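[1] any chance you can model this:
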Amino acid sequence: MPGNEFGVFVKERRATLRLSLRRFAEAADLDPGNASRMERGLVPPPEHPEVLDRIAAALQLGKRSADYRRLCDLAATAKGHIPEDLLSDPEVAARLPILFRTLRSKPLDGAQLDKLIDAIRKT
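    Predicted structure coming up:
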């Protein structure tokens with residue numbers, strides 16, 4: 001499975017907390033084997049918000065924290081989805097097709113994408 005940012009994030013956070021895989025899986029109510037495969041990118045991140053919430057709780061991520069949002073964003077993008085909170089914002093959702101058309105008509109290299117991201121962050 002290409003791009004395993006979700007699994008890497010979970011594993012790094014778990015290591016920071018000095019939480020064994022088995023204890024993490026138990027706290028998140030996950031099968032330890034599936035938790036291991038998720039961290040290694042062999043299975044995709046969960047889709048259900050309840051499962052993500054259990055993972056976040058096991059990793060001690062507050063629901064309003066930037067790391068919680070990152071966990072959810074990484075799960076969504078690993079599946080090729082746009083995070084639900086962005087889609088539910090009518091202004092953002094209305095402008096997404098413009099962004100998509102722009103990116104398709106003139107593909108950006110890594111440096112150009114970084115510049116675009118910086119410009120978006122400054123607004």
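[2] use CA for all of it now, contacts and neighbours both
    OK.
[3] burial measure for residue 30, as a count.
    Per other CA atoms under 10 Å, the neighbour tally for residue 30 reads 17.
[4] tell me the pLDDT at it?
    Note on residue 30: pLDDT of 97.
[5] name the SS class of it, please.
    At residue 30 the chain is in coil, as set by DSSP: H, G, I helix; E, B strand; the rest coil.
[6] tell me which element the nearest residue to residue 43 once chain neighbours are set aside falls in.
    In this structure, residue 43 finds its nearest non-sequential neighbour in residue 37, 5.7 Å apart by CA to CA, 6 or more residues apart in numbering. Element membership for residue 37 (DSSP states H and E) is helix 32-39.
[7] quick one: contacts of that helix?
    Residues outside helix 32-39 that contact it (CA atoms under 8 Å, 6 or more residues apart in numbering) are 4, 6-8, 10-11, 21-22, 25-26, 43-45.
[8] same check on stretch 50-67?
    Residues from elsewhere that reach stretch 50-67 (CA under 8 Å, 6+ apart): 10, 13-14, 17, 24, 27-29, 46, 68-69, 71-72.
[9] pick out the most distant pair among the residues you listed.
    For the contacts of stretch 50-67, the farthest-apart pair by CA to CA is 17 and 46; their separation is 21.3 Å.
[10] what's the pLDDT at residue 2?
    At residue 2, the pLDDT value in this model is 48.
[11] how many neighbours does residue 115 have?
    By other CA under 10 Å, the residues close to residue 115 number 13.
[12] what mean pLDDT does the helix or strand containing it have?
    Per DSSP H and E, residue 115 falls inside helix 110-122. The average pLDDT within helix 110-122 is 81.
[13] and stretch 45-59, by the same measure?
    Stretch 45-59 shows a mean pLDDT of 95 in the predicted model.
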